[in-house]
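Peer 1: make a model of this:
(chains A, B, C and D)
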Protein chains: 2
Amino acid sequence: MRNTKVIKPTESELEILTVLWANGEATVRTVHEELTKTKEAGYTTTLKLMQIMHEKGLVTRNTESKTHIYIPAVDKQKTQLQIVNKMISSLFAGSPADMVMQALGGNNTTAAELKKIEDLIKTLKAKK
Amino acid sequence: MRNTKVIKPTESELEILTVLWANGEATVRTVHEELTKTKEAGYTTTLKLMQIMHEKGLVTRNTESKTHIYIPAVDKQKTQLQIVNKMISSLFAGSPADMVMQALGGNNTTAAELKKIEDLIKTLKAKK
DNA sequence: ATTGTATTACGAATTTAATCGTAAACATGA
DNA sequence: TCATGTTTACGATTAAATTCGTAATACAAT
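Peer 2: Numbers count the residues shown, from 1 in each chain, chains lettered A, B, ... in the order given. The predicted model follows:
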């Protein structure tokens, strides 16, 4: 089986991946500016993190021009699922429903969002 | 406002909290034995973690008898919600529905669980 | 060419989390 | 009392994640 090695991104790495997923690809500067909308960070810190991510294989990069362009190398859906599943098993006794109830119950979820989920459930039930 | 300081439990601390929540209270030995069902861990490591949790205020403890009894000091629902919300905002662009769809879609969720969620949504919609 | 600016590379320092060895305190039972 | 086992306390070590200073490199403008 290939790809047995599951790389677990850290908190900071996830933030960076999120920017990359949203943009398809990005320079360090772009990522950094996106991040600093939310939190403090030095430029070289972001750079270093992205270099480490490259070593880990979380991203690839195009180094043709001096300003490197970073591309996410892990799938968004897969990564999200991996993290959500981990949380479900470690914090919700393996019950997705329990987790969903927390997520929906505590949040001011909009009617539109509830509808989306309802539809999803219908689809899932149909598959059974 | 009181309780401004939000303590963010680490991964290991969450595992311990989960045991404490399930039991109401527990000794280090109980917690440790519960943990080692799932993973490797030395007794003093578990002890140390629980002592640190006590320093942080994540647990209280009764030291009347030599064998101390630990009691969770943070609310289960609140803590779960805090973590789920953080994940929604950092990894799902703030959309609970997106997160739920990942959680349900990728998982082999049982029909019973789907039903539970459906009911929950009905309740939430009724409240609007 | 020279200067100024942006970028990468490198490595060190710091911080936080996790692990574990050892000793002291205490209780129990022989 | 003495030996044994359990528990706590303490501190050191390791490991992982994060931060950042500094230098080298490239590029552009003058």
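Peer 1: so who does residue A:68 touch?
Peer 2: A:27-28, A:61-62 (C-beta atoms under 8 Å, 6 or more residues apart in numbering or on different chains). The way it works is simple: take the backbone N, C-alpha and C, and place the C-beta from them, glycine included.
Peer 1: err, residue A:62, not the other one
Peer 2: Residues in contact with residue A:62 (C-beta under 8 Å, 6+ apart) are A:25, A:68-69, A:71.
Peer 1: can you do 10 Å?
Peer 2: Residues touching residue A:62, when contacts are defined by C-beta atoms under 10 Å, 6 or more residues apart in numbering or on different chains, comprise A:25, A:68-71.
Peer 1: follow-up on the earlier one: buried among the contacts of residue A:68? Make that a PyMOL selection.
Peer 2: Burial among those is assessed by 16 or more other C-beta atoms under 10 Å in any protein chain shown; the matching PyMOL selection reads:
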select buried, chain A and resi 27+28+61
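Peer 1: I figured residue A:39 hits residue A:15, correct?
Peer 2: Yes: assessed by C-beta atoms under 10 Å, residue A:39 is found in contact with residue A:15 at 8.3 Å.
Peer 1: more neighbours, these two?
Peer 2: Set side by side, residue A:39 and residue A:15 show more neighbours around residue A:15, with 21 against 8, by other C-beta atoms under 10 Å in any protein chain shown.
Peer 1: for the helix or strand of chain A with the lowest mean pLDDT, which positions count as buried?
Peer 2: In chain A, no helix or strand scores lower on mean pLDDT, DSSP states H and E than helix A:96-106, which sits at a mean of 84. Within helix A:96-106, the residues that qualify as buried by neighbour count (16+ other C-beta under 10 Å) are A:96-104, A:106.
Peer 1: before we move on, what about stretch A:21-34?
Peer 2: Within stretch A:21-34, the residues that count as buried by 16+ other C-beta under 10 Å are A:21, A:26-28, A:30-32, A:34.
Peer 1: that stretch near chain B anywhere?
Peer 2: Yes: counting by C-beta under 10 Å from any C-beta of the partner chain, chain B has neighbours in stretch A:21-34: A:21-22.
Peer 1: next one: that stretch, is it in contact with DNA strand D?
Peer 2: No: legend: contact between stretch A:21-34 and DNA strand D by C-beta under 7 Å from any atom of the strand is lacking; minimum distance shown is 11.0 Å.
Peer 1: can I get the contacts of residue A:62 in CSV including secondary structure?
Peer 2: Rendered in CSV, the data for these read as follows (DSSP: H, G, I helix; E, B strand; the rest coil):
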residue, secondary structure
A:25, coil
A:68, coil
A:69, strand
A:70, strand
A:71, strand
